[in-house]
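# Sequence unavailable; structure follows:
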């Protein structure tokens, strides 16, 4: 795992990123400035939110798909994340015996925010840190070469 994180850090620049996290397909991504309006499914890069830095290295930014836009409702019901009546999978409440911060109940994504979520079961996304201000996003990502 540490070797993969180091390789990702070395191959991640302002323009290109090697993704080694299963939240989105593994592979090489081209990074560009954030283009508005943002759309569901767009891939974005963001710094690791402080509330989850114990679960992911703070020096390897996250690459996540946008699942919710302003006005959308995201709900955690029976430990499952739902957006637009689509299940994004389980919400973990503990990891290795330690509690994990997570969204509870329903929330509405506000203007200037996005809700990031992947259907991968262990994705470290907005189900654990809530909506993200668009201003906090550092890049938009486009796949160049991917594999599973």
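The structure has been received and is ready for your questions. In this text the structure is predicted, and so the values were computed from the model without any measurement. Numbering: from 1, shown residues only.
# C-alpha only now, for contacts and for neighbours.
Noted.
# Break down the protein into its helices, ranges please.
Taking DSSP state H as the criterion, the chain contains helices spanning 2-11, 126-129.
# can you pull the contacts of residue 44?
Taking Cα atoms under 8 Å, 6 or more residues apart in numbering, we find residue 44 in contact with 34, 63, 64, 65, 66, 137, 138, 139, 140, 141.
# In this structure, which residue is most central in space?
residue 64 (3.3 Å; Cα atoms, centre = their mean).
# returning to that earlier point: just among the contacts of residue 44, which is most surrounded?
Compared across these, residue 63 has the highest neighbour count, 28 neighbours, by other Cα atoms under 10 Å.
# In this structure that residue contacts residue 43, no?
Yes: in terms of Cα atoms under 8 Å, residue 63 counts as a neighbour of residue 43; the distance is 6.7 Å.
# which residues are common contacts for the two?
Listed contacts common to residue 63 and residue 43 are residue 141; contacts here mean Cα under 8 Å, 6+ apart.
# quick one on the thing from earlier: lowest mean pLDDT across the helices of the chain, which one is that?
When the helices of the chain are compared by mean pLDDT, helix 2-11 comes last with a mean of 48.
# all strands of the protein, in order?
Counting by DSSP state E, one finds strands in the chain at the ranges 16-19, 26-32, 43-46, 62-68, 73-77, 80-83, 86-90, 94-95, 98-99, 105-108, 113-116, 132-133, 139-147.
# Roughly how far does residue 28 sit from residue 119?
To residue 119, residue 28 is 20 Å away according to Cα to Cα, to the nearest Å.
# who has more neighbours, the two?
Comparing residue 28 with residue 119 by neighbour count (other Cα under 10 Å), the higher total belongs to residue 28, at 21 against 16.
# Just give the nearest non-adjacent residue to that one, would you?
For residue 28, the nearest residue in space outside its immediate sequence neighbours is residue 18; the separation is 4.5 Å by Cα to Cα, 6 or more residues apart in numbering.
# pretty sure the one you found contacts residue 27?
Yes: the pair residue 18 and residue 27 passes the contact test of Cα under 8 Å, sitting 5.6 Å apart.
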